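Enquirer: Have a look; sequence and predicted model below, questions after that.
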Amino acid sequence: MINMAVLNLKDIIKYLIKITIVIVFVIGLTKYFSTAKVDVAKQVEGLESASFTSCLDITIPGIANTNKKEIEDKMQISPLEKMMYLSLGMINSLEDKKTTTAQEEKANKEKENNKQEDEGPLQKAETGLETEVQKTNVPEKYTSEYKGVKIRNETKYKLTEEILTPNVTVKKENILIFHTHTCESYTPSEKYQYKQTGNYRTTDRNYTVVRVGRELDRQLQNYGYKVTHSETYHDYPSYTGSYENSYKTVTNLLQKNKNTDIVIDLHRDAISDYSYAPTVKIGDEYAAQLMFVIGGNISKEHPNWQQNLKFAVKIQQKANEMYPGLFKPIILRYASYNQQTAKAANIIEVGSTGNTLDQALISMKYLAKVISEVVK
């Protein structure tokens, strides 16, 4: 039997049209790539040039568009080749990012190791030492005094003896330390050199008040206290909203540590005179002077402010007895500074911009010693 295929005219025309379209498409592609003006060597040269100019683009952003046009004019690459070029750039970018991340991790590990080495053996505070407050260009100001404790009252509250009498008891189960202005730093010293990311500010916590907080933490633990120290940034990347940020941190930590009365917001003071360095000589050491800042009740209910003030007076009375001059006058202001969160919440300013980190660290062993004598 013979099989015969019967083709009608319409089917033949359809097949011819399809074949014609394929032939035209192939001829077009062949012509397109055969007329390209850039060979492989020039593409490589163009890529190398692009790497160099991309560096210039970052350094001098204004020439970015010019560089882009020059590269495209020079290479005259096809859309397909441009896509390949961009893909290679993305791959290189990812590789660079991986390398940078690895380098950052390595640097962080090195900093952590350096931090541990830098802390060294714990130096305990001695007692019975002579003290002498060093002179500065900034006069000491205060408005009232209670049994040797000087207070600069910047509110309209009348500070009666009843308000100032330090008849307050606090729980010693846990002490919370944090830093609303985490990036505050000091005048660089021979031992503590660092790169500033602002006026007496740095994001490197090994050189900020965080480092001071670590030392206070370490000293307090030596006296048997349980300490929670938060190193969370609250003023970075934005300084605005620092207290709102630290409020969240403090309230969260207090929920986990319900038996906490003592909450210390450790700061570094700052005035317009950046050379200001309030210092007290204790024995043979120079320590940064400390200052309590207590917030009052202004915009919202703050029932703890009088207890906060009593606690500051109690600590400062003992400090005046043990290390006269360690503290400057207490400042009382209207702003609450998140001190409504605890019974003995406070700000302690450790030195100022003119002080060094060395001096701030020395202060902590004396502060811890005073606290150990008061909170038993």
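Expert: Good, I have the coordinates.
Enquirer: Could you count how many residues lie near residue 164?
Expert: 20 (other Cβ atoms under 10 Å). (C-beta placed from N, C-alpha, C; glycine too.)
Enquirer: Quick check: phi and psi on it?
Expert: phi -90, psi -20 (degrees, to the nearest 10).
Enquirer: gap between it and residue 320?
Expert: Computed with Cβ to Cβ, to the nearest Å, the distance linking residue 164 and residue 320 is 14 Å.
Enquirer: Please report how far residue 357 lies from residue 215.
Expert: Distance from residue 357 to residue 215, by Cβ to Cβ: 10 Å.
Enquirer: Which one's more surrounded, the two?
Expert: Ranked by neighbour count (other Cβ under 10 Å), residue 357 and residue 215 place residue 357 first, with 26 against 22.
Enquirer: Report the secondary structure state of the nearest residue to that one once chain neighbours are set aside.
Expert: Setting aside the residues directly before and after it, residue 357 is nearest to residue 192 in space (Cβ to Cβ, 6 or more residues apart in numbering), at 4.4 Å. At residue 192 the chain is in coil, as set by DSSP: H, G, I helix; E, B strand; the rest coil.
Enquirer: same question, residue 247
Expert: Quick answer, by three-state DSSP: residue 247 is helix.
Enquirer: these two touch, right, it and residue 342?
Expert: No. With contact defined as Cβ atoms under 8 Å, residue 247 does not reach residue 342; the gap is 12.0 Å.
Enquirer: neighbour count winner among those two?
Expert: Legend: neighbour count by other Cβ under 10 Å for residue 247 and residue 342, higher for residue 342 (22 against 18).
Enquirer: so how far is residue 21 from the residue nearest to that one when sequence neighbours are not counted?
Expert: What sits nearest to residue 342 in space, not counting adjacent residues and going by Cβ to Cβ, 6+ apart, is residue 263, at 4.2 Å. In this view, residue 263 and residue 21 are 79 Å apart by Cβ to Cβ.
Enquirer: Who has more neighbours out of those two?
Expert: Neighbour count, other Cβ under 10 Å: between residue 263 and residue 21, residue 263 has more, with 26 against 10.
Enquirer: ok, which stretches of the protein are helices?
Expert: 9-34, 40-59, 64-75, 79-119, 161-164, 209-222, 242-256, 305-322, 357-374 (DSSP state H).
Enquirer: pLDDT of the longest one, averaged?
Expert: Looking back up the chat, that one is helix 79-119. For helix 79-119, mean pLDDT is 47.
Enquirer: please renumber so the chain begins at 120
Expert: Taking 120 as the first residue, the last one we looked at is helix 198-238.
Enquirer: Run a quick neighbour tally on residue 136.
Expert: Neighbours of residue 136 using other Cβ under 10 Å come to 10.
Enquirer: how about it, what does it touch?
Expert: Under the criterion of Cβ atoms under 8 Å, 6 or more residues apart in numbering, residue 136 has no contact partners.
Enquirer: How much space separates it from residue 144?
Expert: Distance from residue 136 to residue 144, by Cβ to Cβ: 13 Å.
Enquirer: likewise residue 384?
Expert: On the measure of Cβ to Cβ, residue 384 and residue 144 end up 73 Å apart.
Enquirer: go on, residue 453?
Expert: 80 Å.
Enquirer: now do residue 265
Expert: 95 Å.
Enquirer: more neighbours, the two?
Expert: More crowded of residue 265 and residue 144, by other Cβ under 10 Å: residue 265, with 18 against 10.
Enquirer: and that one, how far is that from residue 464?
Expert: 20 Å.
Enquirer: tell me which residues of stretch 270-283 are tucked away?
Expert: When neighbours are counted by 16 or more other Cβ atoms under 10 Å, the buried residues of stretch 270-283 are found to be 270-272, 274, 278, 283.
Enquirer: start to end distance for that stretch?
Expert: Terminal residues of stretch 270-283 are spaced 10 Å apart (Cα to Cα, to the nearest Å).
Enquirer: Other residues contacting it?
Expert: 260-265, 268, 415, 425, 428-429, 432, 448-453.
Enquirer: Over to stretch 313-331?
Expert: Contacts of stretch 313-331 (Cβ under 8 Å, 6+ apart): 230, 233-234, 237, 298, 300-307, 311, 350, 352, 355, 385-387, 389, 393, 469, 472, 476, 479-480, 482-483.
Enquirer: how long is that stretch end to end?
Expert: End to end - Cα to Cα - stretch 313-331 spans 15 Å.
Enquirer: List the buried residues for that stretch?
Expert: So, applying 16+ other Cβ under 10 Å, buried residues of stretch 313-331: 313, 319-322, 324-331.
Enquirer: which one of these sits closest to residue 291?
Expert: residue 331 (21.6 Å; Cβ to Cβ).
Enquirer: you'd agree residue 348 is up against residue 337?
Expert: No. Counting by Cβ under 8 Å, residue 348 does not reach residue 337; the two are 9.3 Å apart.
Enquirer: Can you add distance to residue 443 and pLDDT and give the buried residues of stretch 270-283 back as TSV?
Expert: Listed next are the buried residues of stretch 270-283 as TSV, based on distance: Cβ to Cβ, whole Å; pLDDT from 0 to 100:
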residue	distance to residue 443	pLDDT
270	17	98
271	18	98
272	22	97
274	27	93
278	22	95
283	19	97
